[in-house]
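Colleague: pasting the sequence and the predicted model now:
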Amino acid sequence: MSVSDYRTLLTELDAWFAAGRAAAGGLVPCTGGCTACCHGPFDISVADAELIDDAVRRLPPDERARVASRGASLLARMRALAPDWEPPYSVDALGEDRFDRLTDALADEPCPLLDERGRCGIYTDRPLVCRIIGLGLRTPTGRTVENACPIQARFPGYGELPPAMFDLETFEAHEHHCLREAAARQLGSADRWEFETTIAAVVARHAEPGPTDSP
């Protein structure tokens, strides 16, 4: 599976969200320019990292430079809190507790992909986690993923919406193939499919002259 295959797979989440939003009858407040869930570092998969890297490469040069500069600045702040954190900036290398402390310390920092109007510069290529926030999700096997919107309590009725049905198990089976192939391409081994990093670590590479390291 290629980057395009993963991009296509993610559109299944977009269709799920659109259907769930329509069924909610106007109670879902998510709209362009809302950045409530676009702050603070968070982990992304190796497939997301590859997708974001591809998207940033296709930005106009000036915008790519701005995104890369913002990413490098945030990455520098992360490394100031974790001086021993080095490329390829694996979340696992920090450990869960240290990564949690780092993300808490930088929770108010905007994603480097946001522009001056608060809009995502690569919206159609945003990572998986950005597509699933805003609605609760329930799978055919009874699993539930809670709505992670951090401001849902501000909107009457929004937080009480029932989770929208999505066949997450089938989706994850396809995602697993994408993860393994992305790991093989980016890290040299499909067995490293569980690798996770951050958006800042990915886009910051575009601020560096010459060839860039893989995630």
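Modeller: Alright, I've got the coordinates. Residues are numbered from 1 along each chain as shown.

Colleague: so where's this structure uncertain?
Modeller: Filtered on pLDDT under 70, the chain yields the residue ranges 1, 208-215.

Colleague: if we go to 50?
Modeller: Applying pLDDT under 50 to the chain flags the ranges 210-215.

Colleague: tell me the helix or strand right after the host helix or strand of Cys178.
Modeller: Per DSSP states H and E, Cys178 falls inside helix 168-187. With elements assigned by DSSP H and E, the helix or strand that comes after helix 168-187 is strand 196-198.

Colleague: work out the gap between whatever helix or strand comes next after that following strand and the centre of the chain.
Modeller: The helix or strand immediately downstream of strand 196-198 is helix 199-203, counting by DSSP H and E. Distance of helix 199-203 from the chain centroid (C-alpha atoms, centre = their mean, to the nearest Å) equals 10 Å.

Colleague: helices or strands next to helix 199-203 in the packing?
Modeller: helix 46-57, helix 61-81 (3 or more C-beta pairs under 8 Å, 6 or more residues apart in numbering; DSSP states H and E). For the C-beta atoms, the positions are set from N, CA and C on the backbone; glycine is no exception.

Colleague: tell me the most buried of those?
Modeller: Counting by mean count of other C-beta atoms under 10 Å, helix 46-57 has the highest mean neighbour count of those, with a mean of 23.

Colleague: ok, and what's touching it?
Modeller: The contact list for helix 46-57 (C-beta atoms under 8 Å, 6 or more residues apart in numbering) reads 3, 6-7, 10, 44, 64, 67-68, 113, 122, 124-125, 127-129, 175, 178-179, 182-183, 185-187, 192-193, 195-197, 199, 201-203, 205-206, 215.

Colleague: tell me the angle of the helix holding Cys178 relative to helix 46-57?
Modeller: Put simply, helix 168-187 runs at 60 degrees to helix 46-57, going by axes from the mean of the first three to the mean of the last three C-alpha atoms, to 10 degrees.

Colleague: name the residues of helix 168-187 that come out as buried.
Modeller: Neighbour-count burial for helix 168-187 flags Leu168, Phe171, Glu175, His177, Cys178, Leu179, Arg180, Glu181, Ala182, Ala183, Gln186, Leu187 (criterion: 16 or more other C-beta atoms under 10 Å).

Colleague: same check, this time on stretch 97-116
Modeller: Phe99, Leu102, Thr103, Leu106, Glu109, Cys111, Pro112, Leu113, Leu114.

Colleague: between the residues you listed, which sits nearest Leu161?
Modeller: Within the buried residues of stretch 97-116, the smallest distance to Leu161 is 25.2 Å, found for Cys111 (C-beta to C-beta).

Colleague: residue contacts, that closest one?
Modeller: Cys111 sits next to Thr35, Cys38, His39, Cys120, Ile199 when contact means C-beta under 8 Å, 6+ apart.

Colleague: the closest residue in space to the second one that isn't next to it in sequence and Ala105, how far apart?
Modeller: Take Cys38 and drop its neighbours on the chain: the residue closest to it by C-beta to C-beta, 6 or more residues apart in numbering is Cys111, 4.6 Å away. Computed as C-beta to C-beta, to the nearest Å, the Cys111 to Ala105 distance reads 16 Å.

Colleague: report the central residue of the protein.
Modeller: In the chain, the residue lying closest to the centroid (C-alpha atoms, centre = their mean) is Pro127, at 3.5 Å.

Colleague: before we move on, the earlier item: nearest to Gly142, of the helices and strands packed on helix 199-203?
Modeller: helix 46-57 (26.2 Å).
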